[in-house]
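below are the sequence and a predicted model for it; my questions follow.
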Amino acid sequence: MNRSKRILAIAVVAAALSLPPAVYAASSGQKVNIVIQVTDNNPAKWNLALNNAKNLQKTFGKKNTTIEVVAYGPGLNMLRFDSAVSSRLGTIAAQGIKIAACGNTMKSMHLTLADLSPAVYEVPAGAVEIVRREREGYAYLRP
Amino acid sequence: MNRSKRILAIAVVAAALSLPPAVYAASSGQKVNIVIQVTDNNPAKWNLALNNAKNLQKTFGKKNTTIEVVAYGPGLNMLRFDSAVSSRLGTIAAQGIKIAACGNTMKSMHLTLADLSPAVYEVPAGAVEIVRREREGYAYLRP
Amino acid sequence: MNRSKRILAIAVVAAALSLPPAVYAASSGQKVNIVIQVTDNNPAKWNLALNNAKNLQKTFGKKNTTIEVVAYGPGLNMLRFDSAVSSRLGTIAAQGIKIAACGNTMKSMHLTLADLSPAVYEVPAGAVEIVRREREGYAYLRP
């Protein structure tokens, strides 16, 4: 390797290192990060969102894929322990898909984690969580 | 600093400079830009969108955050001077959140700015505005 | 050009080369790629999505723009050969806008391409297609 090639190689590595991790991953294809938003109070949409999550994980490969379903606003009803998709939530979470409940919505609906499926965890605010993920390079899907 | 470290440092800076501004901002965390789409004719969705805008601004900090709410299609009804959220629009705009009305939708609904809340401004086309913002690195949210 | 300027120039080029193509395109403004999702069973939304596609193409210029409309879930009904927007699909496709049908949804609805408008083509899975496009740098729009 001559000197100018060496400089170029260093520059390419440096350029890669200076990119946000997700953009780098997207270019190398090594890691797929996806945030799925649920804001409708509609069981058909809930099932669609969970089907999408499952299928995306299967397509891109479990170990290469991070999928986070974020429910907020009227969509939070999806996460109630007695919701129409409650039995699916445990299965989906056991497969490594993350399911986040919006803390702000929980407060305004007077709900605590005890009212929700044990498969979910709380984030301070659903919209903030989604924007954060997008800024980390996650693809956004709103079924 | 030895020579190869110096070259690496130059390359890192150069790499950062060559990124589109928004990607660079996202990686440095200095600026948060968000475009929020409203296309449903649904007052509950309008309130949710405005709540999200307010909360995102509060979380990321007013001076670091640019938030633009873009209403088009059936969502334009949110911006009528007598809409269900009309009183909120002035408050939201006074806090520095931008509220854009789609000019194409206005034309097809035979509306002018005089029919809309004084808090809003017109853009030529809502969908074009949103795509432009995404290309500038704005995170996209569609409640 | 002195030595440090030469190194900087090489680094800038290398940085550009190491970016995913779409991010580079977005920064240079040469190419606009947009994926439009249709997942609602709602003819008003279908018309809105097609209007958006047409208008975006007109605004950014046909030769500089790739637009793919992806219908899945309840949105697949848009693509049936006898749907409310069927006559528009041929016109839109003839203008170079791509219209993709989700193969998974087709299977679950017991449909084949023969049941859909001749203007459309099949992709394995709508959600996967959309995420792939986002990772390639496409702007995402969900009317």
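That came through fine.

let me know whether stretch A:44-55 sits next to chain C.
Yes: using C-beta under 8 Å from any C-beta of the partner chain, stretch A:44-55 reaches chain C at A:44, A:48, A:52, A:55. For the C-beta atoms, the positions are set from N, CA and C on the backbone; glycine is no exception.

which residues touch that stretch?
With contacts defined as C-beta atoms under 8 Å, 6 or more residues apart in numbering or on different chains, stretch A:44-55 is touched by A:34, A:36, A:38, A:67, A:69, A:75, A:78, A:83-85, A:88-89, A:92, A:95, A:97, A:141, A:143, C:39, C:73-74, C:104, C:125, C:127-128.

can you check stretch A:122-134 too?
A:33, A:35, A:37, A:39, A:68, A:70-73, A:75-76, A:100-106, A:113, A:140, B:32, B:34, B:52, B:55-56, B:59-60, B:139-141, B:143.

try 6 Å this time
Stretch A:122-134 is contacted from outside by A:35, A:37, A:70, A:72, A:100-104, A:113, A:140, B:34, B:52, B:55-56, B:59, B:139, using C-beta atoms under 6 Å, 6 or more residues apart in numbering or on different chains.

any of the contacts of stretch A:44-55 buried? List them.
A:34, A:36, A:38, A:67, A:69, A:75, A:78, A:83, A:85, A:88-89, A:92, A:97, A:141, A:143, C:39, C:73-74, C:104, C:125, C:127-128 (16 or more other C-beta atoms under 10 Å in any protein chain shown).

low-confidence ranges in chain A?
Counting by pLDDT under 70, chain A shows low-confidence ranges at A:1-29.

at the geometric centre of it, which residue sits there?
In chain A, the C-alpha closest to the average C-alpha coordinate belongs to A:E68, at a distance of 2.1 Å (C-alpha atoms, centre = their mean).

tell me where chain A has helices.
Along chain A, the segments classed as helices by DSSP state H run A:3-18, A:21-28, A:43-60, A:86-94, A:103-108, A:126-135.

stretch A:91-100 and chain C in contact?
No: with C-beta under 6 Å from any C-beta of the partner chain as the criterion, chain C is not reached by stretch A:91-100; the gap is at least 13.2 Å.

ends of that stretch, how far apart?
End-to-end distance for stretch A:91-100, by C-alpha to C-alpha, to the nearest Å: 15 Å.

list the buried residues for that stretch?
Those buried within stretch A:91-100 under the rule 16+ other C-beta under 10 Å are A:92-93, A:97-100.

for the closest residue to A:N77 other than its chain neighbours, grab phi and psi.
Distances taken as C-beta to C-beta, 6 or more residues apart in numbering or on different chains place A:N41 nearest to A:N77, at 5.2 Å, with adjacent residues excluded. Taking degrees, to the nearest 10, you get phi -90, psi 70 for the backbone angles of A:N41.

neighbours of A:N41, how many?
14 (other C-beta atoms under 10 Å in any protein chain shown).

same thing with A:L56?
Residues near A:L56, counting by other C-beta under 10 Å, number 22.

which residues sit in contact with it?
A:L56 sits next to A:34, C:127 when contact means C-beta under 6 Å, 6+ apart.

then A:I97?
Counting by C-beta under 6 Å, 6+ apart, A:I97 makes contact with A:53, A:67.

try A:L79
Taking C-beta under 6 Å, 6+ apart, we find A:L79 in contact with A:71, A:101, A:116-117, A:120.

and it, how far from A:R133?
Using C-beta to C-beta, to the nearest Å, A:L79 is found at 18 Å from A:R133.

would you mind measuring from A:I97 to chain B?
Per C-beta to the nearest C-beta, to the nearest Å, A:I97 is found 21 Å from chain B.

ramachandran angles for that residue?
Here is the backbone geometry of A:I97 (degrees, to the nearest 10): phi -90, psi 130.

then A:P124?
Here is the backbone geometry of A:P124 (degrees, to the nearest 10): phi -60, psi -40.

again, but for A:D40
Per-residue torsions, A:D40: phi -100, psi 140 (degrees, to the nearest 10).

give the contact list for the residue nearest to it when sequence neighbours are not counted.
Excluding the flanking residues, the one nearest A:D40 by C-beta to C-beta, 6+ apart is A:G75, at 5.7 Å. Neighbouring residues of A:G75 by C-beta under 6 Å, 6+ apart: A:38-40.

specify which member of the residues you listed is nearest to chain C.
Comparing those against chain C with C-beta to the nearest C-beta places A:D40 closest, at 9.9 Å.

can I get stretch A:69-78 in PDB? Just the C-alpha atoms.
Provided in PDB are the C-alpha atoms of stretch A:69-78 (Å, rounded to 0.1, in the frame of the first residue of the first chain):
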ATOM      1  CA  VAL A  69     -43.100  -1.000  19.200                       C
ATOM      2  CA  VAL A  70     -44.200   2.300  20.900                       C
ATOM      3  CA  ALA A  71     -47.800   2.800  21.900                       C
ATOM      4  CA  TYR A  72     -49.100   6.200  23.000                       C
ATOM      5  CA  GLY A  73     -52.300   8.200  23.000                       C
ATOM      6  CA  PRO A  74     -55.300   6.100  22.100                       C
ATOM      7  CA  GLY A  75     -52.900   3.300  21.000                       C
ATOM      8  CA  LEU A  76     -52.000   2.700  24.600                       C
ATOM      9  CA  ASN A  77     -55.100   0.600  24.900                       C
ATOM     10  CA  MET A  78     -53.300  -2.100  22.900                       C
END
